[in-house]
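Chemist: dropping the sequence and predicted coords here.
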Amino acid sequence: MLIHQNHPGQFRDLTPALERRGHRVLGLGATPRGQRLDYAWQTPALPAGLVDPLLETNLHRAARVQERCLQLRDQGYRPQAVLAHSGWGECLYLRDIWPEAVLIAYPELFANPLLLGYGFDADLGEPSLALRAQWRRGNLMGLAAVADADACVVPTRFARDTFPAHLRRRFHVLHEGLALPPAASGSTSLRLEGGPTLVKGDPVISFASRTLEPLRGFRSLLRALPAVLAARPDARAVIVGGTGSGYGAPSSHPEGHKGELLALLGHRLPLDRVHVLPPLAHRDLLALFRISAAHVHLSYPYALSWSLLEAMASGALVVASDNPPLNEVIQHGHNGLLVPFNDSDRLAETLLAVLADPPAFATVAAAGRATVAARYEVNRSAEAFEALIRSLRLLR
């Protein structure tokens, strides 16, 4: 059984991979999605004056998951293993419902100031005591899951090492895996709505994030682009992402961080060659990766984004920030290029070098795809999860 608040979430490709291997996989999420079950989640109305409304909300979520899983148990469902993302409280009562099942928690990260850029992003100061207290409360669900689980999985060594040292022996670094996109063949193109059709070989710089926010390097990118686009009048930047608050602190601007940063930096950009797009259909996002001369991926030390791996798997040359967990994946000059997160001048210089001679970096881009195939391909991950579950069953 796989449980994720936004099911399938990170388990998007793992579920069908396990099913192809002969397993019956039951998925559970907050809302109906395809053939998966849901726990009919509605955000509760909470009384004023709570110390932490988010923690209270997660307790309500845990109770809804408990209720749904008890229904499944009463209907005769007995999973051999349960893999659950524990960040929103889903794991809290599972041990009591199916004590015989192998329970694997996916706690993802242990909150601390670095994850949100404090001590890392040069634009940020010191976090307040109130923020620190909020992060400590936010870790409670993850700690409860670690205590109950037979084992925990996280996708990177960096994620494991955010947890207290005495807990790390309970963790396995095991990425959930993704389906490798087909290798590009023939001509690849992407038509921009109301704009040109871009093809492989055009001097295109791409950037994609769920939301356009400082945590994912949007500000750093905008600071680098003026020099790049001034030096290369034929180049275009295609930026993809939503306007929500994202993982970091929200913006007060009505159009989110995108609106705020474009208001601050947009006057330095040739906006006819900077295309800011809402989230694309998956096939169009992969097409963008394939036509890019360089794909920029910047991030605070935070969760490893699927878009990084999908860009590499699509054959894009990735220019990423030189910090964990990105430098767990990318070795500079071998399967991508690394630049300091806070050095927009270095980012601009690197992008101009790539645009000046794309064929010189073809072997680097090819090595990026090979890295994803060797380390993150979903069938390998499914096999590794099978082996982990077998070993845990033997230990029980």
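Modeler: Thanks, I have it.
Chemist: how far is whichever strand or helix holds Phe207 from where the chain is centred?
Modeler: Secondary structure assigned from DSSP states H and E places Phe207 in strand 204-211. Taking the mean of its C-alpha atoms, strand 204-211 sits 13 Å from the chain's own mean (Cα atoms, centre = their mean, to the nearest Å).
Chemist: just the element for the closest residue in space to Cys91 that isn't next to it in sequence, please.
Modeler: Setting aside the residues directly before and after it, Cys91 is nearest to Ala145 in space (Cβ to Cβ, 6 or more residues apart in numbering), at 3.9 Å. Quick note: C-beta positions are derived from backbone N, CA and C, even for glycine. In this assignment (DSSP H and E), Ala145 forms part of helix 140-148.
Chemist: give me the sheet partners of the helix or strand just after that helix and which way each runs.
Modeler: Using DSSP H and E, the helix or strand that follows helix 140-148 in sequence is strand 151-154. Counting by DSSP bridges, the strands paired with strand 151-154 are strand 102-106 (parallel), strand 171-173 (parallel).
Chemist: Gly194: which of these is closest?
Modeler: Among the strands paired with strand 151-154, strand 102-106 comes nearest to Gly194, with 40.6 Å by Cβ to Cβ.
Chemist: quick one: Phe163 from Arg136, how far?
Modeler: 14 Å (Cβ to Cβ, to the nearest Å).
Chemist: so between those two, which is more surrounded?
Modeler: Neighbour totals were compared for Phe163 and Arg136, and Phe163 leads with 21 against 13 (other Cβ atoms under 10 Å).
Chemist: low-scoring stretches of this protein, by residue?
Modeler: 34-35, 184-187, 396 (pLDDT under 70).
Chemist: point to the residue nearest the middle of it.
Modeler: Centrality entry for the chain: nearest residue to the mean C-alpha point is Ser305, 2.9 Å, by Cα atoms, centre = their mean.
Chemist: and the helices in the stretch 101-250 of the chain?
Modeler: For the stretch 101-250 of the chain, helices defined by DSSP state H, counting those that start in this stretch occupy the ranges 129-138, 140-148, 157-161, 218-231.
Chemist: JSON lines please, covering the ones you listed and showing distance to Ala237.
Modeler: JSON lines is the format used below for the helices of the stretch 101-250 of the chain (distance: least, Cβ to Cβ, whole Å):
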{"stretch": "helix 129-138", "distance to Ala237": "33"}
{"stretch": "helix 140-148", "distance to Ala237": "37"}
{"stretch": "helix 157-161", "distance to Ala237": "28"}
{"stretch": "helix 218-231", "distance to Ala237": "6"}
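Chemist: just these: most buried one?
Modeler: Ranked by mean neighbour count, the helices of the stretch 101-250 of the chain are led by helix 218-231 with a mean of 21 (mean count of other Cβ atoms under 10 Å).
Chemist: tell me where the stretch 151-300 of the chain has strands.
Modeler: 151-154, 171-173, 189-191, 197-199, 204-211, 236-242, 274-277, 294-297 (DSSP state E, counting those that start in this stretch).
Chemist: Pro44 and Thr57 touch, don't they?
Modeler: Yes: if you go by Cβ atoms under 8 Å, Pro44 and Thr57 touch, sitting 6.5 Å apart.
Chemist: the residue nearest to Pro44 when sequence neighbours are not counted is in what secondary structure piece?
Modeler: Leaving aside its chain neighbours, Pro44 sits nearest to His60 (4.7 Å; criterion: Cβ to Cβ, 6+ apart). Using DSSP H and E, His60 sits within helix 53-74.
Chemist: let me see the residues that make contact with stretch 383-396.
Modeler: Applying Cβ atoms under 8 Å, 6 or more residues apart in numbering, the contact partners of stretch 383-396 are 14, 18, 21, 80-81, 83, 102, 104, 150-151, 153, 172, 174.
Chemist: filter those residues to the buried ones?
Modeler: Neighbour-count burial (16 or more other Cβ atoms under 10 Å) applied to these gives Leu14, Leu18, Ala81, Leu83, Val102, Ile104, Asp150, Ala151, Val153, Leu174.
Chemist: and the first one, how far is that from Leu337?
Modeler: Right, the one you point to is Leu14. 29 Å.
Chemist: swap in the fifth one?
Modeler: With the distance defined as Cβ to Cβ, Val102 ends up 41 Å from Leu337.
Chemist: now swap in the fourth one and tell me
Modeler: For Leu83, the distance to Leu337 equals 35 Å [Cβ to Cβ].
Chemist: phi, psi of Pro324?
Modeler: Pro324 adopts backbone torsions of phi -70, psi 150, taken as degrees, to the nearest 10.
Chemist: chain neighbours aside, what residue packs nearest to it?
Modeler: Per Cβ to Cβ, 6+ apart, closest to Pro324 is Phe158, 3.9 Å.
Chemist: what's the answer for Glu328, then?
Modeler: Thr156 (5.5 Å).
Chemist: for Ser86, same thing?
Modeler: Nearest residue to Ser86 in three dimensions, chain neighbours excluded: Ala145, at 3.4 Å (Cβ to Cβ, 6+ apart).
Chemist: surely the one you found touches Pro107?
Modeler: Yes: if you go by Cβ under 8 Å, Ala145 and Pro107 touch, sitting 5.6 Å apart.
Chemist: need the residues touching each of the two.
Modeler: In contact with both Ala145 and Pro107: Ser86, Cys152, using Cβ under 8 Å, 6+ apart.
Chemist: contacts only, for Lys258.
Modeler: Leu212, Phe218, Gly241, Thr243, Val276.
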